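Engineer: What follows is a predicted protein model with its sequence.
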Amino acid sequence: TKRPRMYSPIIAGEDGRVIEVLLLQVQQCREFARLLSARAMFNLGTGRVEQAWQDALAIHRLARLTGQGFSLIEMLVGVALDGIACHLDHQIALSDRLTVEQALRYQAELAKLPPLPSVADILDVGERYAYLDAAQSLARHGTDALGGIVGDAGGEHPLDGVIKSLAKSLVDWNLVTNSSSGTNYMNCTTGSNTVFGDPVFADTMATDYHLGLHSAAIDAGRTDPGYEDPDGSRGDLGRYGSHSFTMDQPVFPTGLAASLQSSNVILSWNPNPEADIASYVVYADPTSGFRPGASNVVATVAAPDSSVDLGPLGGTTFYTIAALDQDGYSSGFAVEVQSPDATDAPRTPVSYTFRLHANAPNPFNPMTRIPFELDRSGPVRLEVFDLAGRRVRTLVQGARDAGPHVVVWDGRNQHGQRVSSGVYVYRLRSAGRERSHKMVVLK
């Protein structure tokens with residue numbers, strides 16, 4: 001009990017919600033305190049004042065450690081334990097065997113104890129995590145999540161899509177975890193490797209905390225030797241990362257290489273050894289060491305393919321990839337590679353083709369990148385339509401130079417409103433020619 005903090009794992013119930021967390025250690029701490037109290041009274045009754053005082057002091061410390069938990073229950077139990085210790089203090093003070101020197105020393109030791117946690121702070125942390133827990137459940141499961149929070153929601157509901165969209169858009173993760181002011185849980189100073197963002201757990205309702213696509217916790221753990229994932233990559237944060245555990249997620253892809261073929265950048269890699277790989281996700285950014293995420297996805301390659309044509313070289317670019325299995329578990333990221341030097345390309349004039357590439361990611365939420373190429377300069381229109389033929393958004397309208405271009409669509413219409421889930425058509429027009437593809441918005 002002389003340690004400054006206590007590790008108290010949060011063990012959820014079958015549905016994995018914070019409201020169902022099992023606080024097993026709280027009852028154990030109450031039992032320890034009662035045993036120490038009984039021993040202290042026995043020692044006091046047999047004249048061993050010093051031993052009785054050490055037991056009372058241990059209960060004081062245990063009370064402060066128990067009260068450090070995130071829940072109000074733990075805080076109140078901490079107060080109750082401190083009450084037990086205070087009762088022992090009173091009994092020791094009444095003992096005729098207590099000397100003046102002992103009383104002064106005990107008083108000094110009591111003064112050195114840290115204060116009990118603040119009720120306001122505990123309520124603040126607990127309510128934040130309860131809100132985050134409810135928002136995650138609604139974002140992933142819509143009205144189905146309400147069944148576990150307030151009772152049976154009655155299955156499918158027409159407002160599912162709206163609820164999921166609102167739950168995701170209303171959550172400010174930094175505010176939820178109280179990280180916006182440079183501090184983190186219980187006012188601990190934010191570390192140099194602190195990660196802010198959605199961990200993208202596979203399914204919190206099913207207590208499946210494997211990391212999904214674009215998770216901010218992938219390859220974000222400690223860099224010290226011995227903390228790598230079993231596949232040798234930098235450890236992930238969370239339950240399934242770093243140290244010793246059996247990997248259910250794919251190993252990180254190896255052998256990533258970039259080359260030039262007919263002036264186009266070609267990425268290739270070794271196929272993953274797992275039999276259930278669904279796809280590979282390709283990330284690109286002009287900055288080395290970039291953090292892969294939804295905003296810098298440039299291609300999704302269905303397995304078993306292990307290469308992709310990314311189109312003409314457009315300046316220095318850095319690439320990495322991740323493998324995604326059929327359960328939605330994401331691997332760590334491949335070792336980053338740089339785009340080939342332009343001098344490696346054939347010494348022939350660059351020529352372009354009028355073409356519209358597949359968007360990536362697809363399906364997507366909330367944004368996707370649409371690459372296209374123009375063989376000549378001139379007026380261009382790139383528009384998004386619903387399946388009824390109604391124009392949803394004009395992404396490009398005006399003159400553009402010949403060459404490759406990329407446009408990001410944020411899933412909003414002309415009025416800045418989020419579009420509903422479904423299939424949309426994006427169409428490129430220039431010089432009397434047009435190309436079109438379909439894309440899917442998922443929420």
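Structural biologist: Perfect, I can see it now. Numbers count the residues shown, from 1 in each chain.
Engineer: C-alpha from now on. contacts and neighbour counts both.
Structural biologist: OK.
Engineer: tell me the contacts of residue 74?
Structural biologist: 26, 66-68 (C-alpha atoms under 8 Å, 6 or more residues apart in numbering).
Engineer: Looks to me like it is in a strand.
Structural biologist: No - checked against DSSP: H, G, I helix; E, B strand; the rest coil, residue 74 lies outside a strand; its state is helix.
Engineer: how near is it to residue 132?
Structural biologist: Computed as C-alpha to C-alpha, to the nearest Å, the residue 74 to residue 132 distance reads 20 Å.
Engineer: How about residue 302, nearest residue that isn't a chain neighbour?
Structural biologist: Distance criterion C-alpha to C-alpha, 6 or more residues apart in numbering; nearest residue to residue 302, sequence neighbours excluded, is residue 279 at 4.3 Å.
Engineer: Please apply the same query to residue 384.
Structural biologist: Spatial nearest neighbour of residue 384, excluding adjacent residues (C-alpha to C-alpha, 6+ apart): residue 426 at 4.3 Å.
Engineer: do the same with residue 47
Structural biologist: residue 97 (6.8 Å).
Engineer: What is the three-state secondary structure of that neighbour?
Structural biologist: Secondary structure, three-state DSSP: residue 97 is coil.
Engineer: Grab the nearest non-local neighbour of the residue nearest the centre of the chain.
Structural biologist: The residue lying closest to the centre of the chain (C-alpha atoms, centre = their mean) is residue 199, at 1.2 Å. Distance criterion C-alpha to C-alpha, 6+ apart; nearest residue to residue 199, sequence neighbours excluded, is residue 215 at 4.9 Å.
Engineer: mind checking the SS state of that neighbour?
Structural biologist: Assignment for residue 215 (three-state DSSP): coil.
Engineer: Next, count neighbours for it.
Structural biologist: Residues near residue 215, counting by other C-alpha atoms under 10 Å, number 24.
Engineer: Cross-check the contact I'm expecting between it and residue 200.
Structural biologist: Yes - if you go by C-alpha atoms under 8 Å, residue 215 and residue 200 touch, sitting 5.1 Å apart.
Engineer: CA-only coordinates of the helix or strand where residue 91 lies in CSV, if you can.
Structural biologist: Assigned by DSSP states H and E, residue 91 falls within helix 72-93. Extracted in CSV, the C-alpha atoms of helix 72-93 (Å, rounded to 0.1, in the frame of the first residue of the first chain):
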residue,chain,number,x,y,z
LEU,A,72,-18.2,6.9,-8.0
ILE,A,73,-18.6,3.5,-6.4
GLU,A,74,-14.8,3.1,-6.0
MET,A,75,-14.5,6.6,-4.6
LEU,A,76,-17.3,6.0,-2.0
VAL,A,77,-15.7,2.7,-1.0
GLY,A,78,-12.5,4.6,-0.5
VAL,A,79,-14.2,7.0,1.9
ALA,A,80,-15.7,4.0,3.8
LEU,A,81,-12.3,2.4,4.2
ASP,A,82,-10.9,5.7,5.5
GLY,A,83,-13.7,5.7,8.0
ILE,A,84,-12.6,2.3,9.2
ALA,A,85,-9.1,3.6,9.6
CYS,A,86,-10.3,6.7,11.5
HIS,A,87,-12.2,4.5,13.9
LEU,A,88,-8.9,2.6,14.6
ASP,A,89,-7.1,6.0,15.0
HIS,A,90,-9.6,6.9,17.7
GLN,A,91,-9.2,3.6,19.5
ILE,A,92,-5.4,3.9,19.5
ALA,A,93,-5.6,7.4,20.8
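Engineer: Tell me the spacing between residue 333 and residue 238.
Structural biologist: Relative to residue 238, residue 333 is positioned 16 Å away (C-alpha to C-alpha).
Engineer: For residue 402, give me its contacts.
Structural biologist: Taking C-alpha under 8 Å, 6+ apart, one finds 352, 373-378 in contact with residue 402.
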